[in-house]
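Engineer: Pasting the sequence and the predicted coordinates here, then a few questions.
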Amino acid sequence: MRGPRLTRRSFFKTAAAGSVAAVAVSVLSGCTHSDDEVSSDPVVVGENSAEDIIASFTEADLTLSEEASWSLPLGNVLHPAEGSWVPVTTAGSSATPMVKGSALSLATGELFEVVSAPVGKGTTTVIYDVRCSDEVYAWVELDLTTRSWVLYAAAFSEGALSGSPSALWEATSDYDPAPFAVAGDMVVWQIQPSTSGSRTTEHSYCYVWHAGDSEAKAVVDSPGRFATSPTLSGDAVVLVPRVRADEGVYYGVTAYSLSDDLSTRLDQLVMPQGVRPFRATRVGERFLISVEASYGSGGLLGQMGTYIGTEGSGFFKLNREPSECGCGKGDRLIVKSSAFYFVIDLAERTYSVLNSADRSVDYGEYPARAGECETFVTYSTVKDSSTGYPASVSVRTFHL
């Protein structure tokens, strides 16, 4: 099948495959936020106007308490989620299927196989990425030969699909596999042209779909690629579209309301010209924005580091090379560094360090949370103490 042509009046509909339902998608009909929407002014503040957390806060003993820990087989990779189920890509026991879609119960530590094989029947089709909430499971399948892909979703309950999958979108290699997130009964995804395909000058779009619906709808139009994947946080989703396109290259870190399908823009912070955020989310009323390079212009937000705050309230800065997306609850935030996590308490003006699991530094430890959360989840591949070879995947949870 051909990939969708993203124009203002185009319409895309998947063809049903077996028991897979087709979802109609209106590309721009009723799009909530278009490229000509009035955006905030760019935020350019002095390089010394943010409070440096390491320099001005007090280092304290770690106050996070570990709630649970489990050991999973090698080849399991956790992905960010909001609820009591965490999506997992699991290495298959043979080349077919190469990857399975799974889900980890945070209540019991049990790993459930959810999508045992790709819906696509091609021998080179694999499960590429997965996400879930406590109500919906979604996954992307990718053809390793043609680089064409399909985004599927289905109702999800108690570790298993509870309905037939729906094909939400499919495209050729002219478009990147969709970055997506799942909240409640909703899937939010971005369609953007590949940097090496034939559609590089086209706009990018964000869509939403609810379980059981026969249609999805476009909600955000970006005149260029989004800077980051969609990030869920409480009652909001954070997107980073291109804005002010007639003035130059600007990215707007923008929080939209989930309750009305992103119709309401809750807050926006437009980065200085040319500065592309690396990660972006929101905890409470504060943005958490990471910049992975120093741009030499743009003031404070053009320097490498992680920034916490808003234009009105000012910023705190963690002057460390950023890694994964931050998360937290209230005034307590968690930001990943290279080998450990900074646990920052803005109210108490303290920070502490959560170390990686023992024997995991070589392979890295990563969060399975982003944005607001009650429980922090982290996972890592650990080595056997006697052989030095990778042995298992360690999962730990901490109460915030």
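Structural biologist: On my side now, so go ahead.

Engineer: helix/strand/coil for the closest residue to residue 209 other than its chain neighbours?
Structural biologist: Nearest residue to residue 209 in three dimensions, chain neighbours excluded: residue 216, at 3.8 Å (CB to CB, 6 or more residues apart in numbering). From N, CA and C alone the C-beta is placed, and that goes for glycine too. At residue 216 the chain is in strand, as set by DSSP: H, G, I helix; E, B strand; the rest coil.

Engineer: would you list every one of the strands in the stretch 1-150 of the chain?
Structural biologist: In the stretch 1-150 of the chain, the strands defined using DSSP state E, counting those that start in this stretch lie at 11-13, 21-22, 24-26, 51-52, 58-59, 65-72, 76-78, 85-91, 99-105, 111-115, 125-132, 136-143, 149-157.

Engineer: Which other helices and strands does the longest one contact?
Structural biologist: Right, the one you point to is strand 149-157. If you count contacts as 3 or more CB pairs under 8 Å, 6 or more residues apart in numbering; DSSP states H and E, strand 149-157 packs onto strand 136-143, strand 166-171, strand 186-191.

Engineer: now those in a markdown table, with mean pLDDT, distance to residue 149 and mean neighbour count?
Structural biologist: Formatted as a markdown table, the helices and strands packed on strand 149-157 follow (pLDDT from 0 to 100; distance: least, CB to CB, whole Å; neighbours: other CB atoms under 10 Å):
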| stretch | mean pLDDT | distance to residue 149 | mean neighbour count |
| --- | --- | --- | --- |
| strand 136-143 | 98 | 5 | 25 |
| strand 166-171 | 95 | 6 | 24 |
| strand 186-191 | 98 | 11 | 26 |
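
Engineer: In a markdown table, list these along with distance to residue 382.
Structural biologist: Listed next are these as a markdown table, based on distance: least, CB to CB, whole Å:
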| stretch | distance to residue 382 |
| --- | --- |
| strand 136-143 | 27 |
| strand 166-171 | 36 |
| strand 186-191 | 33 |
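
Engineer: closest one to residue 103 among these?
Structural biologist: Closest to residue 103 of the helices and strands packed on strand 149-157 is strand 136-143 (CB to CB; 6.9 Å).

Engineer: follow-up on the earlier one: out of the strands of the stretch 1-150 of the chain, which is closest to residue 355?
Structural biologist: So among the strands of the stretch 1-150 of the chain, strand 65-72 is nearest, using CB to CB, at 11.6 Å.

Engineer: Quick one: list the elements packing against the closest one.
Structural biologist: Short answer (3+ CB pairs under 8 Å, 6+ apart): strand 65-72 packs on strand 390-399.

Engineer: what pLDDT, on average, does the strand it packs on get?
Structural biologist: Taken as a whole, strand 390-399 has a mean pLDDT of 95.

Engineer: Run through the neighbouring helices and strands of it.
Structural biologist: Using 3+ CB pairs under 8 Å, 6+ apart, strand 390-399 is in contact with strand 65-72, strand 375-383.

Engineer: hmm, 10 Å instead?
Structural biologist: strand 65-72, strand 76-78, strand 85-91, strand 375-383 (3 or more CB pairs under 10 Å, 6 or more residues apart in numbering; DSSP states H and E).

Engineer: Against residue 373, how distant is residue 185?
Structural biologist: Distance of residue 185 to residue 373, given as CB to CB, to the nearest Å: 19 Å.

Engineer: When the two are compared, which one has more neighbours?
Structural biologist: Shown here are residue 185 and residue 373; by other CB atoms under 10 Å, residue 373 has more neighbours (23 against 17).

Engineer: Just confirm that one contacts residue 82, I think it does.
Structural biologist: Yes - contact criterion CB atoms under 10 Å: residue 373 and residue 82 qualify, at 7.3 Å.

Engineer: overlap in contacts of the two?
Structural biologist: 232-234 (CB atoms under 10 Å, 6 or more residues apart in numbering).

Engineer: Out of those residues, which sit inside helices?
Structural biologist: Per DSSP state H, helices hold no members of these.

Engineer: Output the residues you listed in a markdown table; the columns should cover pLDDT, distance to residue 243 and neighbour count.
Structural biologist: Below are those laid out as a markdown table (pLDDT from 0 to 100; distance: CB to CB, whole Å; neighbours: other CB atoms under 10 Å):
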| residue | pLDDT | distance to residue 243 | neighbour count |
| --- | --- | --- | --- |
| 232 | 96 | 21 | 26 |
| 233 | 96 | 20 | 27 |
| 234 | 95 | 23 | 16 |
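
Engineer: Tell me the one of those residues nearest residue 337?
Structural biologist: residue 233 (20.9 Å).

Engineer: Quickly list what the closest one is bridged to.
Structural biologist: residue 236 (DSSP bridges).

Engineer: I'd assumed residue 267 was in contact with it.
Structural biologist: No - using CB under 10 Å, residue 233 is not in contact with residue 267, being 11.4 Å away.

Engineer: May I see the strands of the stretch 1-150 of the chain organised as a markdown table, with distance to residue 173 added?
Structural biologist: Output for these, formatted as a markdown table (distance: least, CB to CB, whole Å):
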| stretch | distance to residue 173 |
| --- | --- |
| strand 11-13 | 17 |
| strand 21-22 | 22 |
| strand 24-26 | 20 |
| strand 51-52 | 44 |
| strand 58-59 | 48 |
| strand 65-72 | 33 |
| strand 76-78 | 23 |
| strand 85-91 | 21 |
| strand 99-105 | 19 |
| strand 111-115 | 23 |
| strand 125-132 | 13 |
| strand 136-143 | 9 |
| strand 149-157 | 8 |
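
Engineer: still on that earlier bit, pretty sure the residue nearest to residue 209 contacts residue 187?
Structural biologist: Yes - here residue 216 reaches residue 187: they are 8.1 Å apart, a contact under CB under 10 Å.
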